[in-house]
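Novice: any chance you can model this:
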Amino acid sequence: MLKAALWMMGAIMAFSLMAVGARELAGEINVFQILFFRSVMGLAIMSVLILGSGQRNLFVTRRVTLHIGRNIFHFAGQYGWFVGIGLLPLAEVFALEFTVPLWTVLIASIFLKEYLTARKLTAILVGVIGVLVIIRPGGQILDVASLIVLASAACFGVSYVATKGLSSSESSLTVLFYMCLIQLPVSLLFTVGHWIEPTPLQWLWVSIVSVAALGAHYCVTRAMKLAEAGVVVTLDFLRLPLIAAVGVVFYNEAFDIALILGAALMLIGNLINLHPPGASSHLAKPPKIVTTPKR
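Specialist: Numbers count the residues shown, from 1 in each chain. Below you'll find the predicted structure:
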């Protein structure tokens, strides 16, 4: 358990560094250019890892169509996340990210025909209440940026469902390699006419964002192998108060208790979904999808 907690602390630090890097680059470098640099660095790192493992067969896939479909939604999700980081308080972006597992459950029930049980419906309902607490519709005009982040979370949900489909035949290294390979030309295409030569400091932040993204994924994966999913999801919740503190100290962002309350409700919803149903709850036990927000 201690090792899992340490890996999750690493993931939390990586997620936070990535968010700070994205905030520092916001408004200075086009989001598509940031995603291009991420893909270039990620492709180089994944290539070295695969070559170092001696398993060159990991460069090969027979499921190109599913990889492309997955990365269309993953790319859209990343774009929305980076846009949200530049427009919203950091804590609000992280809080709304906690809807990703709930979106995944809903999408999997549609496309993978997984059972949408009373337990899962309860989890989704609690999560929706958490979202409403955060964005407070009716009290003010709905913030378009918040809707962008929610749409981003939904796109990540689709990409996670696709990842579940790929996991039956593909290594995680292959999935990450093709993620970078496919998204690189797409992001480059969208940078046409918006290219800006980064300064040395901006190159540093771009490097931090790129390495932190892969590091966060690796840390969460290791934690998942050492502890139950419910423990990992609970530890992941600690990202919120940490990034809220970063926002208050470094960016003069106001501390909003509604964010913590809303995110806590979404955490409860995620834990309800992860809690194993009783033997009498339904006849056929569907496979669970366990995801944590990751870039």
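Novice: can you map out the helices along the stretch 1-150 of the chain?
Specialist: 2-25, 31-53, 64-87, 90-97, 100-111, 118-135, 144-166 (DSSP state H, counting those that start in this stretch).
Novice: could the ones you listed go into a markdown table alongside mean pLDDT, mean neighbour count and distance to residue 183?
Specialist: Every residue, glycine included, has its C-beta placed from N, CA and C. A markdown table is the format used below for the helices of the stretch 1-150 of the chain (pLDDT from 0 to 100; neighbours: other C-beta atoms under 10 Å; distance: least, C-beta to C-beta, whole Å):
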| stretch | mean pLDDT | mean neighbour count | distance to residue 183 |
| --- | --- | --- | --- |
| helix 2-25 | 92 | 20 | 16 |
| helix 31-53 | 95 | 18 | 5 |
| helix 64-87 | 95 | 20 | 5 |
| helix 90-97 | 90 | 28 | 19 |
| helix 100-111 | 84 | 22 | 18 |
| helix 118-135 | 87 | 19 | 28 |
| helix 144-166 | 90 | 21 | 11 |
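Novice: for those, which one sits closest to residue 219?
Specialist: Closest to residue 219 of the helices of the stretch 1-150 of the chain is helix 2-25 (C-beta to C-beta; 3.7 Å).
Novice: and the closest one, what does it pack onto?
Specialist: When contacts are defined as 3 or more C-beta pairs under 8 Å, 6 or more residues apart in numbering; DSSP states H and E, helix 2-25 packs onto helix 64-87, helix 90-97, helix 200-226, helix 229-236, helix 239-251.
Novice: adding distance to residue 171, write the ones you listed out as a markdown table.
Specialist: Formatted as a markdown table, these follow (distance: least, C-beta to C-beta, whole Å):
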| stretch | distance to residue 171 |
| --- | --- |
| helix 64-87 | 13 |
| helix 90-97 | 26 |
| helix 200-226 | 12 |
| helix 229-236 | 21 |
| helix 239-251 | 27 |
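Novice: which of the ones you listed sits closest to residue 174?
Specialist: helix 64-87 (8.7 Å).
Novice: could you give the angle of that closest one to helix 31-53?
Specialist: Here helix 64-87 points in a direction 130 degrees away from that of helix 31-53 (axes from the mean of the first three to the mean of the last three C-alpha atoms, to 10 degrees).
Novice: what's near enough to touch residue 19?
Specialist: By C-beta atoms under 8 Å, 6 or more residues apart in numbering, the contact set of residue 19 is 85, 90, 93-94, 243, 246.
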